[in-house]
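Chemist: Can you look at this prediction? I've put the sequence above it.
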Amino acid sequence: MGIVGAGMDVPVTEEIRDIIATLPTNAELTDLHVWQVGKSKFSCIVSVATAGDLTPDAVRKLLGVHEELAHITVEVNKVAREG
């Protein structure tokens, strides 16, 4: 997983990971970029892979509860279901 950005040691990074880990559909965090864009404000780019029904808007909405995230970009990559 790519992890880059000036803000990678801030608490919001772990909060992003926690939200992805608790999504209602099984999703793997494949890429995360976080950087500071203002005083106590951050932008992030999140990429997840899932076989489930998950939209970028759904993930963005869940991440949006964190007021320190001023700009959120989400990419959802569909993978084949196992079985």
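Modeler: Structure received.
Chemist: Every contact and neighbour count from this point should use C-alpha atoms.
Modeler: Noted.
Chemist: Please enumerate the helices of this protein.
Modeler: Taking DSSP state H, the helices of the chain run over residues 11-21, 56-63.
Chemist: How are the strands of this structure distributed by residue range?
Modeler: 2-4, 27-38, 41-50, 69-78 (DSSP state E).
Chemist: picking up where we left off before, how about the helices of the chain in CSV, adding mean neighbour count?
Modeler: Formatted as CSV, the helices of the chain follow (neighbours: other Cα atoms under 10 Å):
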stretch, mean neighbour count
helix 11-21, 15
helix 56-63, 16
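Chemist: for the residue nearest the centre of the chain, what are its contacts?
Modeler: The centroid of the chain falls nearest to Val46 when counting by Cα atoms, centre = their mean (3.7 Å). Going by Cα atoms under 8 Å, 6 or more residues apart in numbering, Val46 touches 29-33, 72-75.
Chemist: swap the cut-off to 10 Å and go again
Modeler: 16-17, 20, 29-34, 56, 59-60, 63, 72-76 (Cα atoms under 10 Å, 6 or more residues apart in numbering).
Chemist: in this protein, which segments are predicted with low confidence?
Modeler: Within the chain, the ranges that satisfy pLDDT under 70 run 1-9, 82-83.
Chemist: Now do the nearest residue to Arg17 once chain neighbours are set aside against Ser47, distance only.
Modeler: Nearest residue to Arg17, sequence neighbours excluded (Cα to Cα, 6 or more residues apart in numbering): Leu29, at 7.5 Å. Going from Leu29 to Ser47 by Cα to Cα, to the nearest Å gives 6 Å.
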